[in-house]
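Participant: Predicted model, plus sequence, below.
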2 protein chains.
Amino acid sequence: MAKPPSLQQKIRVEIERKILSGAWAPGFRIPVEHELTARYGCSRMTVSHALSSLVQAGLLVRRKRGGSFVAEQHFQSMVLAIPDIRADILDRGAVYGLKLLSREIRKPKGDVEIWLAQDGNIIALDCLHLANGIPFALEHRLISLKNVPEAAEVKFSEEPPGSWLLGHVAWSQAENRITAVSADRASAKLLNLDVGTACLNLERRTWRGAARITQVRQLFPGHLFELVAKFNPAMPM
Amino acid sequence: MAKPPSLQQKIRVEIERKILSGAWAPGFRIPVEHELTARYGCSRMTVSHALSSLVQAGLLVRRKRGGSFVAEQHFQSMVLAIPDIRADILDRGAVYGLKLLSREIRKPKGDVEIWLAQDGNIIALDCLHLANGIPFALEHRLISLKNVPEAAEVKFSEEPPGSWLLGHVAWSQAENRITAVSADRASAKLLNLDVGTACLNLERRTWRGAARITQVRQLFPGHLFELVAKFNPAMPM
DNA sequence: CAGTGGTCTAGACCACTCA
DNA sequence: GAGTGGTCTAGACCACTGG
């Protein structure tokens, strides 16, 4: 039941194949648009569109007057799936549970919190995500009330803060840091681990334009959780 | 010295701004192409191109007959920079060092290796990456000689296998798993850590089409290394 | 059925940059 | 200066799908 691929897609896939198979090595100058229009019997726009998508995929570099070349370094980056913890647990077919440990509205303390909230208040949350009743992740979250005032009215006892924010606040930029840490005494107790167990530590800061929205630290037991990143070409070969 | 943005870019940025600022919430039906051509006084192709790029960025969903809508879940994914360890160390301004621990060409043993090499041989490498002489990462790598025969001639005593592969072998697909593990006795000794220290564990498998190229396990001391992933909108706001 | 997006054409003008 | 890509037009036909 495959739908007939468009001409643009055909061109794209054909060139992609040549590059990924190695037939057209990095630095190779591919045929100019004019040749491709002749080869495929189509207009320049069609070829151009196909090539543009390959540029966006990082497979081609185009230079005016110079021509189009196979990119030197293909994939320095990959798409990383950033988890919404509740969705992730439900995807695994497990029952999601949330335990709110603390919820506090207060003035920011320390450099990090002041960086987030500036002269406004913050809401500080600690919560535990459970999968089938087993501790899955420990979350410490700060939300800037100056930029997300409606968060002050939310209990966060049912819906996890990440899911609430995803549905209620638009954001434009985020930065994730991924490290490995040993569980300290308090974290280990909450996650039901031995002290010192290796955990995956995700820290994320989120902005909307210049306005700082939220920052979060999520701690996952190393044996329960893995992040998976994939590179997917536009069309399977 | 900013070059004048193209009309497509203007349209894209303007709509992106409405979405990211929250003015157009998820699920909102944006003006149809015809209205946008009228508003911007341009042809349909121009509008369509701008909207397509927003679809690719995950901000819009378009349905024939239905119209174009702001995507429900913005960024579930982010771009993860996959490190070339040597380049990463040099970027930090440190001196890169490589210590080849073992290099062996042999038949595959066990399910994982047979999965990689099938009926061919593999080259198995263990090496230590050093930054300013300090252990930075421990790497265990397998390369399929069936699909990368030229690797048999490479010593890997100077150039790390990842860098060599990046420059010599095209690949089309990869999968990364990121977990946290405790250093076992052997790893801890090589990395000059205490046994049980939390480490970031990266496992990557790489294909070209159906041909399996390489798989690698890299272990980083948790306190030395972090992965950073960012989401970048097309245009800064 | 009719409105919407998906794709495509056969031109055009311009900016860039290599030779 | 000439070859290349970047962008744009004013149409067109089709596939899909919601009313």
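Facilitator: Thanks, I have the structure now. Note that the coordinates shown come from a computational prediction; the quantities given were computed from them, not determined experimentally.

Participant: residue ranges with poor pLDDT in chain A?
Facilitator: Flagging of chain A using pLDDT under 70 yields the residue ranges A:1-3, A:73-79, A:81-82, A:231-237.

Participant: hey, where'd the helices end up in it?
Facilitator: A:7-20, A:33-40, A:44-56, A:85-91, A:110-117, A:161-168, A:185-191 (DSSP state H).

Participant: Make TSV out of these and add mean neighbour count and distance to DNA strand C.
Facilitator: (Each C-beta comes from the backbone N, C-alpha and C, glycine too.) As requested, these are arranged in TSV below (neighbours: other Cβ atoms under 10 Å in any protein chain shown; distance: least, Cβ to the nearest atom of the strand, whole Å):
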stretch	mean neighbour count	distance to DNA strand C
helix A:7-20	19	3
helix A:33-40	15	8
helix A:44-56	18	4
helix A:85-91	17	26
helix A:110-117	14	38
helix A:161-168	19	24
helix A:185-191	15	45
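
Participant: Show me the one of those helices that comes nearest A:Arg208.
Facilitator: Nearest to A:Arg208, of all the helices of chain A, is helix A:161-168, at 11.0 Å by Cβ to Cβ.

Participant: who touches A:Ala94 in this structure?
Facilitator: Shown in contact with A:Ala94 (Cβ atoms under 8 Å, 6 or more residues apart in numbering or on different chains): A:131-132.

Participant: Distance check, it against chain B.
Facilitator: Shown here: A:Ala94 relative to chain B, a distance of 19 Å by Cβ to the nearest Cβ, to the nearest Å.

Participant: Pull the number of nearby residues for the residue of chain A found nearest DNA strand D.
Facilitator: Nearest residue of chain A to DNA strand D, counting by Cβ to the nearest atom of the strand: A:Arg65, 2.8 Å away. A count of nearby residues for A:Arg65, using other Cβ atoms under 10 Å in any protein chain shown, gives 4.

Participant: how close does the residue of chain A positioned farthest from its centre sit to A:Val32?
Facilitator: Residue distances from the centre of chain A (Cα atoms, centre = their mean) peak at A:Ala38, which lies 40.5 Å from the mean C-alpha position. Distance from A:Ala38 to A:Val32, counting by Cβ to Cβ, to the nearest Å: 10 Å.

Participant: ok, back up a step: got the helices of chain A as JSON lines, with distance to A:Leu219 columns?
Facilitator: Formatted as JSON lines, those follow (distance: least, Cβ to Cβ, whole Å):
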{"stretch": "helix A:7-20", "distance to A:Leu219": "38"}
{"stretch": "helix A:33-40", "distance to A:Leu219": "52"}
{"stretch": "helix A:44-56", "distance to A:Leu219": "35"}
{"stretch": "helix A:85-91", "distance to A:Leu219": "11"}
{"stretch": "helix A:110-117", "distance to A:Leu219": "16"}
{"stretch": "helix A:161-168", "distance to A:Leu219": "14"}
{"stretch": "helix A:185-191", "distance to A:Leu219": "6"}
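
Participant: got the ones you listed as CSV, with distance to chain B columns?
Facilitator: As requested, the helices of chain A are exported to CSV (distance: least, Cβ to the nearest Cβ, whole Å):
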stretch, distance to chain B
helix A:7-20, 4
helix A:33-40, 17
helix A:44-56, 7
helix A:85-91, 9
helix A:110-117, 16
helix A:161-168, 7
helix A:185-191, 12
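
Participant: who wins for proximity to B:Met45 among those helices?
Facilitator: Closest among those, using Cβ to Cβ: helix A:44-56, at 7.6 Å.

Participant: Now do that closest one and helix A:33-40, the angle between them.
Facilitator: 110 degrees (axes from the mean of the first three to the mean of the last three Cα atoms, to 10 degrees).

Participant: Let's see helix A:44-56 as PDB, backbone CA atoms only.
Facilitator: What follows is helix A:44-56, C-alpha atoms only, in PDB (Å, rounded to 0.1, in the frame of the first residue of the first chain):
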ATOM      1  CA  ARG A  44      14.700  23.200 -11.700                       C
ATOM      2  CA  MET A  45      12.400  23.800  -8.700                       C
ATOM      3  CA  THR A  46      11.900  20.100  -8.300                       C
ATOM      4  CA  VAL A  47      15.600  19.300  -8.200                       C
ATOM      5  CA  SER A  48      16.300  22.300  -6.000                       C
ATOM      6  CA  HIS A  49      13.700  21.200  -3.500                       C
ATOM      7  CA  ALA A  50      15.200  17.700  -3.300                       C
ATOM      8  CA  LEU A  51      18.700  19.000  -2.900                       C
ATOM      9  CA  SER A  52      17.600  21.500  -0.200                       C
ATOM     10  CA  SER A  53      16.200  18.700   1.900                       C
ATOM     11  CA  LEU A  54      19.600  16.900   1.600                       C
ATOM     12  CA  VAL A  55      21.300  20.100   2.800                       C
ATOM     13  CA  GLN A  56      18.900  20.200   5.800                       C
END
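
Participant: helices or strands next to it in the packing?
Facilitator: Judged by 3 or more Cβ pairs under 8 Å, 6 or more residues apart in numbering or on different chains; DSSP states H and E, helix A:44-56 is in contact with helix A:7-20, helix A:33-40, strand A:60-63.

Participant: what lines up beside the last one in the sheet?
Facilitator: On the basis of DSSP bridges, the sheet neighbours of strand A:60-63 come out as strand A:67-70 (antiparallel).

Participant: quick one: is the partner strand near DNA strand C?
Facilitator: No: Strand A:67-70 lies out of reach of DNA strand C by Cβ under 7 Å from any atom of the strand, never closer than 8.5 Å.

Participant: How about residues contacting that strand?
Facilitator: Here strand A:67-70 makes contact (Cβ under 8 Å, 6+ apart) with A:19, A:24-30, A:32-33, A:51, A:59-63.

Participant: go with 10 Å
Facilitator: Applying Cβ atoms under 10 Å, 6 or more residues apart in numbering or on different chains, the contact partners of strand A:67-70 are A:15, A:18-19, A:22-33, A:36, A:51, A:54-55, A:59-63, B:170.

Participant: just to revisit the earlier point, need the overlap of contacts for A:Ala38 and A:Val32.
Facilitator: Common neighbours of A:Ala38 and A:Val32 are listed as A:Val47 (criterion: Cβ under 10 Å, 6+ apart).
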